[in-house]
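> sequence below, structure please.
(chains A, B, C and D)
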Protein chains: 2
Amino acid sequence: MPRTRVTIRDVAAAAGVSRQTVSRVINDSDRVLAETRLRVEEAIEQLGYEPNAVARSMARGRTGILACISPNVTDYTFASIIEGAQAEARAQGYFLLSTSAPDRQTFDHLMDQLVRSGRTDGLMVIQPYIEDHSREVPAGCPTVFAGGGAHADQTVGDSVVLDDLTAAFQATGHLLELGHRRIAMITGPLGEVCVQNRILGFERALIADGVAFDPQLVVEGDWSAASGYALFNRLTGRAEASFTAVFAQNDLMAAGILRAAVEKGIGVPRQLSVIGIDDIPMAAYLNPPLTTMRQDFQAIGRQAARQLIHRVGQPEDTCRHERVRADLILRRSTAHPALL
Amino acid sequence: MPRTRVTIRDVAAAAGVSRQTVSRVINDSDRVLAETRLRVEEAIEQLGYEPNAVARSMARGRTGILACISPNVTDYTFASIIEGAQAEARAQGYFLLSTSAPDRQTFDHLMDQLVRSGRTDGLMVIQPYIEDHSREVPAGCPTVFAGGGAHADQTVGDSVVLDDLTAAFQATGHLLELGHRRIAMITGPLGEVCVQNRILGFERALIADGVAFDPQLVVEGDWSAASGYALFNRLTGRAEASFTAVFAQNDLMAAGILRAAVEKGIGVPRQLSVIGIDDIPMAAYLNPPLTTMRQDFQAIGRQAARQLIHRVGQPEDTCRHERVRADLILRRSTAHPALL
DNA sequence: TGCTACGATGTGACCGGTCACATGACCTTG
DNA sequence: CAAGGTCATGTGACCGGTCACATCGTAGCA
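Residues are numbered from 1 along each chain as shown, chains lettered A, B, ... in the order given. Coordinates of the predicted model:
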């Protein structure tokens, strides 16, 4: 067993050709005689040669690595996007280097470092915060914003995001159709783009149906089940805030609401309708099973990776912005409001 | 603005020193005159120089990248381990390249490719399947097995895994203490190491308390809430299989059980106790809140990364195998069995 | 004073590929 | 039959760092 790595020169020597010919063989160039190619392939097989990716990156000026940065990787929505992106990247011969940056400072720092160190061919940003978009996108590095909701007027980088406005519009429409008129909303952090869009979609649906938008019924959560639980309790504690339905901006918070409702003896959906967004795997197994807007995160990730890889090849193309629709999944947490 | 990248030679020229001196400065070598260092640092600042990671990898023979491979990244347990590992890697100047391999073939292929292409300094494997361990661990590449439960007799590579046996022993002990004697178990796929260990811990706890182990009460699930739901229904459908408690090998399946129990009108914990493993974020917001064994996945990930990085530096050290304890989290899904 | 030691810095080779261009054999064509 | 084209292959330079070693000046010491 050779102690040192087998290089292209070893193969060339063994096959009696030059390095360049070996290079041609491993890169599928057609300008090699069939007979020669065979000899080289035999040598490769025999020596167990595998091209060194690092050397290749250096020579080619491309690394075959896409970096993905997100606030964390445990959140189901982020993880799914990443998984989709990984699959697409893998299919196209790329690797995805994913990193999480818990705070804004780390986020900026890592982004900068990844790009400037030349380690990556492109950057996929899952960054929900409003002001950060287009702020520090490193010039000269292909960038795609995924999932988190980029601005529509984004001029740097492509984007593939959920059509939050429409999703919220549809979810609200569902509640309105059932006959609800007083609908509360528990939002994500107000500093995130998608949160604003969801509020907007909510408001528009209400207005379209001639229902007044009551800011008192909108409270800010942080996506966690704990916040859904706490905020629902706060809402129901307020005398002036009566409502027959709650629209949670994600399923986790909806789960918290369901829990709080049980504790208060409020029957869902008999006395209260609850709807979420995301359709996390457990949504169907909550009590009662949760009606929600399904997002195809994997598809978002795949599409984002596809766009990014395209841009690596075509840096000068105009930016593309894609919105992905969500689907209403009817389960048992929503119903006609109780007749009082 | 310079069109091409700024290289170490540009900096050297600007500072009036040699490349090597610049190299010494950026690598914190102390053998540089303070005055010279200052001049170089100014030049770096002014030109906006950043060392090229790829060139560095090539010259040094190390990439600063650790690869992590797991069946998927959406599963909360995997994602948490990865997040912990990422954080530790980042803190030590490494990046974590995570890839998911949905099937065994992809798994092997990717592992091989990652290692042989020289892209990575070390490999972190989250691989639950029994037979695959120590099978194809690429010789010469530092490897650590994380979370999934490596064999104790593992001779290649380090490992950091949950102490599944003890966790199951404790969980079962809790149910026994409450007075349960007929306890069902819904397992993960039998082909996974941790599943076997959990069954073993379950069995030992029963025997230690003089309770017979009844194989009829043990059924195989697939970790999903859906399987917990379906299997619980199957168990309760069998006349011969009466029991007062169910031990689900993870929280997701426990959630499925809770859902099924509600549908059947079985009160938890009044008529049935349910315990899980993992303590996923939603466990506290299920109805009722789930008693479970908490695993500190992040810590497992961090520790695995730490071990891996250590081994990158000390390839010849003897393998270390670490087991991490789980903690019993008491909530409201377990209680004394109903007095009939 | 002369020799050695050491600290600061520079030089050439090298990591393992790919690129651009050169070479030589053979074929086509006016 | 010479000029030009095409095909298969080889050569030197290069990507941007680091390594090992060389060099030079100055201080320490007998």
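> please count neighbours and contacts with C-alpha atoms only from this point.
Noted.
> count of residues packed around A:L235?
20 (other C-alpha atoms under 10 Å in any protein chain shown).
> do the helix or strand it falls within and chain B meet?
Per DSSP states H and E, A:L235 falls inside helix A:225-237. Yes - on the criterion C-alpha under 8 Å from any C-alpha of the partner chain, helix A:225-237 is in touch with chain B at A:225-226.
> residues near A:G191, how many?
Neighbours of A:G191 (other C-alpha under 10 Å): 12.
> could you do A:D28 as well?
A:D28: 11 surrounding residues under other C-alpha under 10 Å.
> tell me which element it is part of?
Assigned by DSSP H and E, A:D28 falls outside every helix and strand.
> tell me which residues in the helix holding A:L235 are buried?
Using 16 or more other C-alpha atoms under 10 Å in any protein chain shown as the test for burial, helix A:225-237 gives A:225-229, A:231-233, A:235.
> go on, stretch A:113-126?
Using 16+ other C-alpha under 10 Å as the test for burial, stretch A:113-126 gives A:114-126.
> the buried residues of helix A:225-237: which two are farthest apart?
Farthest apart among these by C-alpha to C-alpha are A:A225 and A:L235. That separation is 15.3 Å.
> for A:R182, what are phi and psi?
Per-residue torsions, A:R182: phi -110, psi 100 (degrees, to the nearest 10).
> from B:M293, how far out is it?
Distance, A:R182 to B:M293, by C-alpha to C-alpha, to the nearest Å: 41 Å.
> and these two? Which one has more around it.
Legend: neighbour count by other C-alpha under 10 Å for A:R182 and B:M293, higher for B:M293 (25 against 20).
> bridging residues for the more buried one?
In this entry, B:M293 is beta-bridged to B:I277, B:L328, by DSSP bridges.
> OK, contacts around it?
B:M293 is in contact with B:167, B:171, B:276-279, B:326-329, counting by C-alpha atoms under 8 Å, 6 or more residues apart in numbering or on different chains.
> and the contacts of the strand or helix carrying A:R90?
Take DSSP H and E as the rule and A:R90 turns out to sit in helix A:76-91. The contact list for helix A:76-91 (C-alpha under 8 Å, 6+ apart) reads A:66, A:68, A:70, A:72-73, A:95-96, A:98, A:126, A:146-147, A:278, A:280, A:297-306, A:309, B:72-76, B:79, B:99-100.
> switch to 7 Å and redo it
Contacts to helix A:76-91, defined as C-alpha atoms under 7 Å, 6 or more residues apart in numbering or on different chains, come from residues A:73, A:95-96, A:297-302, A:304-306, B:73-74, B:99.
> closest to DNA strand C among those?
For the contacts of helix A:76-91, the minimum distance to DNA strand C (C-alpha to the nearest atom of the strand) is 17.0 Å, reached by A:F95.
> I figured that closest one was touching A:C68, is that so?
No - in terms of C-alpha atoms under 7 Å, A:F95 does not count as a neighbour of A:C68; the distance is 10.2 Å.
> so if I had to pick from these two, which one is more boxed in?
Using other C-alpha under 10 Å, the more surrounded residue of A:F95 and A:C68 is A:C68, with 27 against 23.
> so that one, which of the three states?
Remark: A:C68 carries the secondary structure label strand [criterion: DSSP: H, G, I helix; E, B strand; the rest coil].
> where does pLDDT dip in the stretch 201-340 of chain A?
Filtered on pLDDT under 70, the stretch 201-340 of chain A yields the residue ranges A:239-241, A:339-340.
> what does the stretch 1-150 of chain A give?
A:1-4, A:131-139, A:149-150.
> got the residues of it near chain B?
The stretch 1-150 of chain A comes close to chain B at residues A:50-55, A:58, A:73-74, A:76, A:79-80, A:83, A:86, A:96-99, A:116-119, as judged by C-alpha under 7 Å from any C-alpha of the partner chain.
> out of those residues, which end up buried?
Judged by neighbour count, with 16+ other C-alpha under 10 Å as the criterion, the buried members of those are A:50-55, A:58, A:73-74, A:76, A:79-80, A:83, A:86, A:96-99, A:116-119.
> so which of these sit within strands?
Per DSSP state E, strands hold the following members of these: A:96-99.
> how about the contacts made by A:R9?
Going by C-alpha under 7 Å, 6+ apart, A:R9 touches A:R19.
> dihedrals phi and psi, it?
The phi/psi pair for A:R9 (degrees, to the nearest 10) is phi -70, psi -40.
> all helices of the stretch 201-340 of chain A, in order?
A:225-237, A:251-264, A:297-313 (DSSP state H, counting those that start in this stretch).
> deepest-packed of the ones you listed, please.
Of all the helices of the stretch 201-340 of chain A, helix A:251-264 has the most neighbours on average by mean count of other C-alpha atoms under 10 Å in any protein chain shown, namely a mean of 25.
> contacts for it?
With C-alpha under 7 Å, 6+ apart, helix A:251-264 has contacts from A:223-229, A:232-233, A:248, A:267, A:274-280, A:283, B:285-287.
> per-residue pLDDT, the residue nearest to A:Y129 when sequence neighbours are not counted?
Once flanking residues are discounted, A:Y129 sits nearest to A:E192: 4.4 Å by C-alpha to C-alpha, 6 or more residues apart in numbering or on different chains. pLDDT recorded at A:E192 is 89.
> is stretch A:32-50 anywhere near DNA strand C?
Yes - using C-alpha under 7 Å from any atom of the strand, stretch A:32-50 reaches DNA strand C at A:E50.
> thinking again about what came up before, and the residue nearest to A:Y129, how many neighbours?
19.
> ok, the one 3 residues further on next?
Other residues near A:V195 number 25, with proximity taken as other C-alpha under 10 Å.
> in which helix or strand does it reside?
Taking DSSP H and E as the criterion, A:V195 maps to helix A:193-208.
> show me what that helix is packed against.
helix A:164-178 (3 or more C-alpha pairs under 7 Å, 6 or more residues apart in numbering or on different chains; DSSP states H and E).
> average pLDDT for the helix it packs on?
Mean predicted confidence for helix A:164-178 is 97.
> one step back: the residue nearest to A:Y129 and A:G147 touch, don't they?
No - between A:E192 and A:G147 there is no contact under C-alpha under 7 Å: 11.6 Å.
> ok, now which ones touch A:T74?
Contact analysis of A:T74 by C-alpha under 7 Å, 6+ apart lists B:76, B:79-80.
> now restrict the contacts of B:M293 to buried residues only.
Neighbour counting with 16+ other C-alpha under 10 Å marks B:167, B:171, B:276-279, B:326-329 as buried within the contacts of B:M293.
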